[in-house]
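In: with the input below, show me the fold.
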Amino acid sequence: QLVESGGREVRTGDSLRLSCVASGLPFDSYSMGWFRQAAGKEREFVAWISTISTTTYADFVEGRFTISRDNTKNTLYLQMNSLEPEDTAMYYCARHFQGGAFYLSSYDSWGQGTQVTVSS
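Out: Model (predicted):
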């Protein structure tokens, strides 16, 4: 089970840190990812982290977001800085099972999401 938290309404330029707590699975054995889905749009890749904390990001992140993990706490994080209204979306964490990190089909377990709203 994956449970996200930390989403809320913020203003342009603010920062937020999202968390995703994993239970019932060997968290440190899997790569993990963050995705987001804005209203009326498809779910899109945001960031990925390997078991040894190698990371990759979507182009739109442009150095503003940082994915990290704490295996001692079974927790995945997404630090988001310089937020923009375009970042408004439901954010999901997911367990990477196999395949390319950018593809939804590569993930086999998803959280329920946490809403981030950025107002101008």
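
In: buried ones in stretch 40-56?
Out: By 16 or more other Cβ atoms under 10 Å, the buried positions in stretch 40-56 come out as 43, 45-49. Yep, even glycine has a C-beta here, placed from its N, CA and C like the rest.

In: what of stretch 111-120?
Out: Under 16+ other Cβ under 10 Å, the buried positions of stretch 111-120 are 111, 113-114, 116, 118.

In: what's around the residue nearest to Thr114 when sequence neighbours are not counted, how many residues?
Out: Distance criterion Cβ to Cβ, 6 or more residues apart in numbering; nearest residue to Thr114, sequence neighbours excluded, is Gly7 at 3.4 Å. When neighbours are counted by other Cβ atoms under 10 Å, Gly7 registers 18.

In: what sits against Gly7?
Out: 16, 18, 90-91, 113-117 (Cβ atoms under 8 Å, 6 or more residues apart in numbering).

In: tell me the pLDDT of it.
Out: pLDDT for Gly7: 98.

In: now the one 5 residues further on
Out: Here the pLDDT value assigned to Thr12 is 98.

In: roughly how far does it sit from Asn74?
Out: Using Cβ to Cβ, to the nearest Å, Thr12 is found at 33 Å from Asn74.

In: likewise Asp87?
Out: Distance, Asp87 to Asn74, by Cβ to Cβ: 26 Å.
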